[in-house]
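S.K.: pasting the structure only:
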């Protein structure tokens, strides 16, 4: 997700160790991509801002690799979970979704703060310009 800068869009590309392009999108503000790695090696990703060279951008990205380990080591057993174990598993799943929501709202807050600071800077410069014009007119 693009947090600050320009029109809030960026190019993104993901390549596997052989150089095959797995994902390529142009001018995206937010996206999600899921894939299963077919082989070991170094996967490369690139964020490009070449269509907007004068604007710096802040990009947030998150990797989620593999599955979470089971909450209880014996979770894959044949017998059913006890009521306490079942409650713990459901609470754990709910807390994972809370973490995702918190991340989303933190990103939105950072984006809003950036816009507010930019607006504050513009208002300050406009006020200084008006003050100078008033001073020149009064002289």
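M.R.: On my side now, so go ahead. It should be emphasised that the depicted structure is a prediction, and the values quoted were computed from it without experimental measurement.
S.K.: helix, strand or coil: sort out the nearest residue to residue 24 once chain neighbours are set aside for me.
M.R.: Excluding its sequence neighbours, the residue lying closest to residue 24 (CB to CB, 6 or more residues apart in numbering) is residue 13, at 4.8 Å. C-betas here are computed from N, CA, C, even on glycine. For residue 13, the assignment made with DSSP: H, G, I helix; E, B strand; the rest coil gives strand.
S.K.: contact partners of stretch 50-61?
M.R.: 1-11, 27, 45, 47, 49, 107, 110, 114 (CB atoms under 8 Å, 6 or more residues apart in numbering).
S.K.: next up, the contacts around the residue nearest to residue 24.
M.R.: 21, 23-24, 45-46, 48.
S.K.: looking at the contacts of stretch 50-61, which are in strands?
M.R.: Of the contacts of stretch 50-61, the ones assigned to strands by DSSP state E are 2-4, 10-11, 27, 45, 47.
S.K.: where do the helices of the chain begin and end?
M.R.: Secondary structure of the chain (DSSP state H): helices at 83-138.
S.K.: quickly list what residue 11 is bridged to.
M.R.: residue 48 (DSSP bridges).
S.K.: surely it touches residue 29?
M.R.: No - applying CB atoms under 8 Å as the test, residue 11 and residue 29 come out as separate, 11.6 Å apart.
S.K.: still on that earlier bit, tell me the one of the ones in strands among the contacts of stretch 50-61 nearest residue 96?
M.R.: Nearest to residue 96, judged by CB to CB, of those is residue 3 at 22.7 Å.
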